[in-house]
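Q: Sequence and predicted structure are below.
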Amino acid sequence: MPRSPRIDLHTHSTASDGTDSPAALVAAAAGAEVDVVAITDHDTTGGWDEAATALPAGMRLVRGAEFSCVSPSGRDGERDVSVHLLGYLFDPAHPAIEAEQARLREERHRRLVGMTERMAADGYPIDVEAVFAYLPAGASAGRPHLARALVAAGVVESVNAAFATLLYTGSPYYVPKADTPVRAAIEMVRAAGGVAVFAHPLARGRGRVVEPSVIADLTAAGLGGVEVEHPDHAEPDRALLRGLAAELGLVTTGSSDYHGTNKTTPIAAETTTGDALDELVARAAGGVGVLTGCPLPWFR
Ligand SMILES: [Zn+2]
Ligand SMILES: [Zn+2]
């Protein structure tokens, strides 16, 4: 019997805040005997071409992105919650996608400059030029770039320590950015022929999370799936999400959220089933050019 495919649907490259170039990311996936890897950089599709070019024979690439969004919390009187939405197999040239990604890249740039300037004003030995030296041309700016500059300047020992002590949400140096309303992001991904999956919805260690009622509302608005197996999800929350997905008819996924050496989770630490990927592909029908050469269903 052939072994079941090994599928990781959520990874980051140097096109956002990972440490592997898109080619190195694909090589890392090959080294981990991954059959299908999705490249899902924050707010950019800039790594797609390099990853596709580097793809070894027999491996499949799912083109995706992780959109920074805000969502109602589902609790009365509470402000919006920051959430991430994975979009897969959408047309990156769709005008709605291009406009929103350009706006978000600008937001990320502005935010990183703002945080750097606040720290420099407080006497930390960093400046905007040093921070942006860690950002490859065209990549989307993130706090890990600032973290690496802080490590290089000897302020902290590691990227993790930088986040824990200086860069966390709500720190005196934190500058917020204006993210996309999650419902609009779902509509944008669907309009561009893709499928939308709610990334790590119950990653409580990252801050406030949404109520299950919000996931139900977003399903009615076109959400296709929910990430269940994720390093930041506790087992009771995984069980809750599996039940909710079954009730709502959402596809369930599992992913490493690999960031190279910026995080400790290895690629394919959590995986998605072939059936779930088939269902996502079916729901994404309409994506332009993404499935070229990939007969459907992919694994039978
Ligand atoms: Zn995320
Ligand atoms: Zn991610």
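A: Alright, I've got the coordinates. Ligands and ions are numbered 1, 2, ... in the order given.

Q: and stretch 263-282 with ligand 1, contact?
A: No: counting by Cβ under 5 Å from the ion, ligand 1 is not contacted by stretch 263-282; separation bottoms out at 10.9 Å. Just so you know, the C-beta spots here come from the backbone N, C-alpha and C atoms, and that holds for glycine as well.

Q: likewise stretch 243-256?
A: No: for a cut-off given as Cβ under 5 Å from the ion, stretch 243-256 has no contacts with ligand 1; the smallest distance is 9.8 Å.

Q: same thing with stretch 133-144?
A: No: for stretch 133-144, no contact with ligand 1 is found by Cβ under 5 Å from the ion; the gap never falls below 10.9 Å.

Q: what about that stretch, how long is it end to end?
A: End-to-end distance of stretch 133-144: 12 Å, with Cα to Cα, to the nearest Å as the criterion.

Q: Just the mean pLDDT for it, thanks.
A: On average, the pLDDT along stretch 133-144 is 82.

Q: Now do that stretch: everything it contacts.
A: Stretch 133-144 is contacted from outside by 14-17, 41-44, 46, 104-105, 108-109, 111-112, 115, 132, 145, 148-149, 159, 163, 167, 259, 262, using Cβ atoms under 8 Å, 6 or more residues apart in numbering.

Q: ok, now with 7 Å
A: If you take Cβ atoms under 7 Å, 6 or more residues apart in numbering as the criterion, stretch 133-144 is touched by 14-17, 41-44, 46, 105, 108-109, 112, 145, 148-149, 159, 163, 167, 262.

Q: Put the buried members of these into a PyMOL selection.
A: Buried residues among the contacts of stretch 133-144 (16 or more other Cβ atoms under 10 Å), as a PyMOL selection:
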select buried, resi 14+15+16+17+41+42+43+44+46+105+108+112+145+148+149+159+163+167+262
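
Q: Just the ones in strands from the contacts of stretch 133-144, please.
A: 41-42 (DSSP state E).

Q: The contacts of stretch 133-144 in helices, which ones?
A: If you go by DSSP state H, those have 105, 108-109, 112, 145, 148-149, 159 in helices.

Q: got TSV for the residues you listed, with distance to Thr219 too?
A: Shown next, in TSV, are the ones in helices among the contacts of stretch 133-144 (distance: Cβ to Cβ, whole Å):
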residue	distance to Thr219
Arg105	29
Arg108	28
His109	33
Leu112	34
His145	35
Arg148	38
Ala149	41
Val159	35
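
Q: of those, closest to ligand 1?
A: The shortest approach to ligand 1 among the ones in helices among the contacts of stretch 133-144 belongs to Arg108, at 13.8 Å (Cβ to the ion).

Q: From Phe198, how far out is that closest one?
A: Between Arg108 and Phe198 the computed distance is 21 Å (Cβ to Cβ, to the nearest Å).

Q: With Ala245 instead?
A: Distance, Ala245 to Phe198, by Cβ to Cβ: 10 Å.
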